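In: Sequence and predicted structure below; questions after.
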Amino acid sequence: MRDRTAPHHHVDDFPTMKLLIFLVPLLLPLLAIAAEADDRPNFVVIYADDLGYADVGFNGAKGYQTPHLDRLAARGVRFSDFYVAQAVCSASRTALLTGCYPNRVGILGALGPQSRHGIHESETTIAEVLKSRGYATAIYGKWHLGHHPQFLPTRHGFDDYFGLPYSNDMWPKHPTAKFPALPLIEGEKTIAENPDQTQLVTWYTERAVKFIDQNRDKPFFLYVPHAMPHVPLFVSDKFAGKTERGLFGDVISEIDWSVGQIVEALEQNGLTEKTLVIFTSDNGPWLSYGEHAGSAGGLREGKGTSFEGGVRVPFVACWPGKIPAGKVCREMAMTIDLLPTFARLAGIDEIPSQRRIDGLNIWPLLSGQKDAKSPHEALYFYWGEGLEAVRSGNWKLHFPHGYRTLAGKPGGRGDQPGPYQQAKIELSLFDLAADPGETTNVAEKHPDVVARLQLLAEKARDDLGDSLTKRKGKGIRPPGRLPEESK
């Protein structure tokens with residue numbers, strides 16, 4: 001009980017209290033900013049190279065196991081109908097990082113050692129978007145958006161870079177002036193030529209874990225685009241000869257181990273419930289490599305085509321407490337949707353760019369909101385500059401185009417590919433809900449659906465162009481070019 005005989009003190013008698021009264025209004029905004037910073041989630045994107053739809057355990061892989069990926073799927077959501085924008089390296093990575101169809105930003109195919117263009121300085125990457133909110137950013141792995149200094153990750157929002165600038169097969173065993181050595185780059189400096197590729201997965205993983213440890217107290221974006229299982233395949237001694245599937249299975253097992261190491265680093269730093277982890281692939285399997293290639297399961301064709309086996313890829317997202325466990329989403333989505341989704345989760349109301357993007361927020365799908373539907377009326381599939389297919393709902397319409405196929409023959413053995421044949425598909429409509437393998441053309445039975453999808457395609461042609469119908473898009477932008485090419 002308070003002693004009533006004790007002398008009574010007024011606030012004026014305490015200089016410290018007067019100071020607090022003065023400082024509190026000044027501190028409140030800072031405390032609010034700190035609280036806001038604590039609400040910003042971390043983002044980890046692990047991107048495999050040429051990993052097919054059926055090359056992970058949760059989609060039926062055979063001859064090896066992927067326990068860490070399966071655990072992610074069990075703790076999060078996997079998408080059955082997740083797509084890349086084009087079934088080839090640079091175009092696919094461009095879409096992921098910019099939220100744009102690659103045709104919009106002018107990066108198609110697979111940029112090689114002789115390429116003299118890359119991502120334009122005015123395009124905005126996921127890393128740049130998140131840096132505007134104070135995120136630390138890093139990429140450990142394959143970049144493939146241009147290998148000249150002005151195109152490197154450190155010029156496009158990434159604080160740290162360690163990896164290959166293009167595909168691991170884009171060099172001969174005896175480098176020449178025409179085909180230089182395969183550079184391993186740290187920051188913007190080549191630190192090794194023709195590095196030991198058996199160590200790539202290990203090196204990228206070690207860097208990723210270190211980055212998490214160093215940035216445990218701030219929000220971060222970590223991008224780990226593995227070079228594997230793109231041929232030529234390499235695996236460390238830790239996993240060599242460990243699976244029934246041979247070298248390919250060993251490689252996938254090592255990638256799965258890498259996923260486990262990254263997830264463990266998050267757990268050890270107490271970041272599991274603050275981090276959205278996504279695993280997916282840049283396109284389907286490179287089928288001509290046979291025993292060194294993956295599998296699209298029952299999907300048609302593979303890398304280099306606009307059929308489901310080329311553009312539909314495995315996808316899992318895990319964020320305990322935010323994403324319900326063990327869910328399967330059957331709505332269509334695409335890599336272009338990651339940028340606007342991350343921006344929304346990071347509290348960014350307006351993406352800091354004056355340039356149009358194509359992706360849409362898919363958080364309602366990721367978080368399992370009741371009756372959530374794909375935000376896209378349609379998704380468009382180009383090969384190069386040609387519009388080959390459009391999907392809307394369960395329907396997918398292919399326009400007449402040529403494509404490569406093994407025509408039922410096996411691929412190559414060892415590191416030697418088998419020969420593709422050229423084939424052609426005419427106007428064809430597929431019901432992907434009933435026929436995900438795109439085996440039965442139902443265009444004649446559904447002329448109204450064909451007409452509707454053709455109208456959607458016309459919008460894409462007007463905006464993004466279409467070499468198959470000799471259309472130039474009104475909304476396309478040029479890539480970045482070296483001065484010699486800008487004339």
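Out: Thanks, I have the structure now.
In: Just the terminal-to-terminal distance for stretch 395-403.
Out: 20 Å (CA to CA, to the nearest Å).
In: for the chain, what spans make up the helices?
Out: 15-38, 67-75, 89-98, 102-105, 126-131, 200-214, 247-268, 308-311, 338-345, 363-366, 447-464 (DSSP state H).
In: nearest to S236, of those helices?
Out: Proximity to S236 (CB to CB) singles out helix 200-214 among these, at 5.6 Å. In short, each C-beta sits where N, CA and C put it, glycine included.
In: Against which helices or strands is the closest one packed?
Out: strand 136-140, strand 160-163, strand 220-225, helix 247-268 (3 or more CB pairs under 8 Å, 6 or more residues apart in numbering; DSSP states H and E).
In: Which of the ones you listed sits closest to Q421?
Out: Judging those by CB to CB, what sits closest to Q421 is helix 247-268, at 23.2 Å.
In: now the angle from the closest one to helix 67-75?
Out: Counting by axes from the mean of the first three to the mean of the last three CA atoms, to 10 degrees, helix 247-268 lies at 60 degrees to helix 67-75.
In: Helix 247-268 versus strand 220-225: what angle between them?
Out: Using the same axes, to 10 degrees: helix 247-268 against strand 220-225 is 170 degrees.
In: mind listing what's buried in helix 247-268?
Out: Residues of helix 247-268 classed as buried by neighbour count (16 or more other CB atoms under 10 Å): 247-263, 265-266.
In: Strands along the stretch 51-200 of the chain, start to end?
Out: 77-79, 82-83, 117-118, 136-140, 160-163, 183-186, 189-193 (DSSP state E, counting those that start in this stretch).
In: Can I get the fifth one as PDB, trimmed to CA atoms?
Out: Looking back up the chat, that one is strand 160-163. This file holds the C-alpha atoms of strand 160-163, laid out as PDB (Å, rounded to 0.1, in the frame of the first residue of the first chain):
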ATOM      1  CA  ASP A 160      25.200 -11.000 -54.300                       C
ATOM      2  CA  TYR A 161      25.800 -13.300 -57.200                       C
ATOM      3  CA  PHE A 162      27.700 -16.500 -57.500                       C
ATOM      4  CA  GLY A 163      27.100 -18.800 -60.500                       C
END
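In: packing partners for that strand?
Out: strand 136-140, strand 183-186, helix 200-214.
In: Name the residues of stretch 152-169 that come out as buried.
Out: 152-168.
In: just stretch 281-301 next, same as before
Out: So for stretch 281-301, counting by 16+ other CB under 10 Å, buried means 281-290, 292-297, 299-301.
In: Between the two ends of that stretch, how far is it?
Out: With CA to CA, one end of stretch 281-301 sits 16 Å from the other.
In: swap in stretch 456-474?
Out: So stretch 456-474: terminal residues 16 Å apart, CA to CA.
In: And stretch 55-63, by the same measure?
Out: Calculated as CA to CA, the first-to-last residue distance of stretch 55-63 is 10 Å.
In: next one: stretch 193-206
Out: 20 Å.
In: ok, now stretch 468-483?
Out: Note: stretch 468-483 ends 30 Å apart using CA to CA.
In: Which of the helices and strands packed on helix 200-214 sits closest to P102?
Out: The nearest among these, by CB to CB, is strand 220-225 at 15.5 Å.
In: what's the burial count for Y53?
Out: 28 (other CB atoms under 10 Å).
In: Next up, the contacts around it.
Out: If you count contacts by CB atoms under 8 Å, 6 or more residues apart in numbering, Y53 has them with 59, 284, 295-297, 299, 308-309, 312-314.
In: Quick check, pLDDT for it.
Out: In this model, Y53 is scored at 98, pLDDT.
In: Please apply the same query to S122.
Out: For S122, the predicted pLDDT is 95.
In: Kindly state the domain boundaries assigned to this structure.
Out: If you go by automatic domain parsing, the domain ranges for the chain are 37-377, 382-485.
In: Pick the most deeply packed of the ones you listed.
Out: Highest mean neighbour count among the domains of the chain (mean count of other CB atoms under 10 Å): domain 37-377, with a mean of 21.
In: Now find how far off-centre that domain is within its chain.
Out: 4 Å (CA atoms, centre = their mean, to the nearest Å).
In: and if you look at stretch 397-404?
Out: Worked out by CA atoms, centre = their mean, stretch 397-404 lies 25 Å from the chain centre.
In: Run through who's touching it.
Out: Contacts for stretch 397-404 (CB under 8 Å, 6+ apart): 301, 304-307, 383, 386-391, 420-430, 438, 443, 449-450, 453-454, 457, 468.
In: What about these, which are in strands?
Out: 383, 386-391, 421-425, 428-430 (DSSP state E).
In: where in the stretch 251-400 of the chain is pLDDT low?
Out: 353-354 (pLDDT under 70).
In: Please name the bridge partners of Y83.
Out: R312, M334 (DSSP bridges).
In: so it touches M332, yeah?
Out: Yes - the pair Y83 and M332 passes the contact test of CB atoms under 8 Å, sitting 6.8 Å apart.
In: tell me, what's touching these two both at once?
Out: With CB under 8 Å, 6+ apart as the test, Y83 and M332 both reach 379, 391.
In: about what we covered before: just give me the closest of the ones in strands among the contacts of stretch 397-404 to T341.
Out: After measuring the ones in strands among the contacts of stretch 397-404 against T341 - CB to CB - the closest member comes out as R391, at 19.4 Å.
In: quick one: low-confidence parts of the stretch 1-150 of the chain?
Out: In the stretch 1-150 of the chain (pLDDT under 70), the answer is 1-38.
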